[in-house]
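**Student:** this one's structure only:
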Ligand code: SAM
């Protein structure tokens, strides 16, 4: 197993298969004027598979497919089939917005996909339309039903946005009463493609927990699972759990085991860094697997201690989460 310069194992890759998305969540992308990458700048599936094989040999055992929206790239399921065969990978999962996902859920289960993160910031159709700029809540709920029916462990991701969906925190948490889902509330980050953020983040992880406690005074803290970014809670008697992710406060960097590859093949060893290796350029210059391995190891030995250090080493964040692979 490979450890970084802060003795953290690197075992988890988030792989963005596209920067395109069929929603326009305002906290992630501007409504107009998005410049998607030309196709030749995206990694091909063959290139992605090669990088995953090299990383799996280095000890990466978990890959989460993300984007952009994974299902807007054609050929995704064939690629997932190939990944499922990569020696050393024991956990293949996905993050999706659920708009196009439902017809593929049975195939995902058959592939052995253990868990799916489904993004859903509200259960109110009109608010969903305002946040995502698309009227797709029914399709997302259909995917949720399909995931539960297929027995896939489902995490529901909700970004908590001041003045937008804080009234949804309790209804979303209430879902755990009847459903075996993990509802996760995520602090809003500056990755909205516009470089803007709050001078002070009002809905921090602490405030989210206080808000939950006000409504569910018997909310119980569960032990943290290793490498988890979420603090986990449960309301006694409820089937599901509730997670709170300090994505902006960055309280979990000390155990971070994850790296990212963007859709254009840039390695990020921290969500907040600006990209530390152009793996696409290396691949396309004819690098051998040994050369790729050496480049990855070099990057892992210079990881910032935390997201604040990573951010301090770069210019202001202006990118969209869809280009990073959330
Ligand atoms: N399209 C897929 C989806 O919607 O789940 C995968 C990509 S999306 C970029 C991954 C996750 O990043 C989503 O849960 C989304 O809500 C989250 N995200 C995007 N922008 C964010 C921001 N500014 N702050 C916090 N989370 C964000």
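**Tutor:** That came through fine. Keep in mind the model is a prediction, meaning the values are calculated, not measured. Numbering: from 1, shown residues only.

**Student:** Apart from its neighbours in sequence, what residue is nearest residue 69?
**Tutor:** residue 21 (4.5 Å; CB to CB, 6 or more residues apart in numbering). All C-beta spots, glycine's among them, are computed from the backbone N, C-alpha and C.

**Student:** wait, I meant residue 268
**Tutor:** Closest to residue 268 by CB to CB, 6+ apart is residue 260, at 4.2 Å.

**Student:** pretty sure that neighbour is touching residue 16, no?
**Tutor:** Yes: look at residue 260 against residue 16 with CB atoms under 8 Å: they come within range, at 7.1 Å.

**Student:** ok, these two, which is more surrounded?
**Tutor:** The neighbour comparison of residue 260 against residue 16 (other CB atoms under 10 Å) goes to residue 16, with 30 against 22.

**Student:** Contact partners for that one?
**Tutor:** Residues in contact with residue 16 (CB atoms under 8 Å, 6 or more residues apart in numbering) are 66-68, 260-263, 322-325.

**Student:** swap in residue 270?
**Tutor:** 253, 256, 303-304, 306-307, 310.

**Student:** Find the residues that touch each one of residue 260 and residue 16.
**Tutor:** Common neighbours of residue 260 and residue 16 are listed as 324-325 (criterion: CB under 8 Å, 6+ apart).

**Student:** Check what pLDDT the residue of the chain found nearest the ligand gets.
**Tutor:** With CB to the nearest ligand atom, the shortest gap between the chain and the ligand falls at residue 326, namely 2.6 Å. pLDDT for residue 326: 76.

**Student:** Count the residues that sit near it.
**Tutor:** 24.

**Student:** neighbouring contacts of the longest strand seen in the chain?
**Tutor:** For the chain, the strand with the greatest residue count under DSSP state E is strand 153-160. Strand 153-160 is contacted by residues 25, 27, 95, 114-122, 144, 147-148, 165-166, 168-169, 172, 175, 180-188, 203, 208, 243 when judged by CB under 8 Å, 6+ apart.

**Student:** What segments of the stretch 1-150 of the chain are strands?
**Tutor:** 12-16, 62-66, 91-96, 115-119 (DSSP state E, counting those that start in this stretch).

**Student:** Output the contacting helices and strands for the second one.
**Tutor:** Counting contacts by 3 or more CB pairs under 8 Å, 6 or more residues apart in numbering; DSSP states H and E, strand 62-66 is packed against strand 12-16, helix 76-84, strand 91-96.

**Student:** Contact partners for the nearest residue to residue 319 once chain neighbours are set aside?
**Tutor:** Of all residues not flanking residue 319 in the chain, residue 191 sits nearest, at 6.1 Å (CB to CB, 6+ apart). Going by CB under 8 Å, 6+ apart, residue 191 touches 28, 317, 319-321, 324, 326.

**Student:** For residue 191, give me the pLDDT.
**Tutor:** For residue 191, the model assigns a pLDDT of 92.

**Student:** my guess is residue 308 contacts residue 250, does it?
**Tutor:** Yes: counting by CB under 8 Å, residue 308 does reach residue 250; the two are 6.3 Å apart.

**Student:** quick one: common contacting residues for the two?
**Tutor:** Joint contacts of residue 308 and residue 250 (CB under 8 Å, 6+ apart) are residue 272.

**Student:** who's more crowded, these two?
**Tutor:** Neighbour count, other CB under 10 Å: between residue 308 and residue 250, residue 250 has more, with 21 against 14.

**Student:** Can you tell me the closest non-neighbouring residue to that one?
**Tutor:** residue 307 (4.0 Å).
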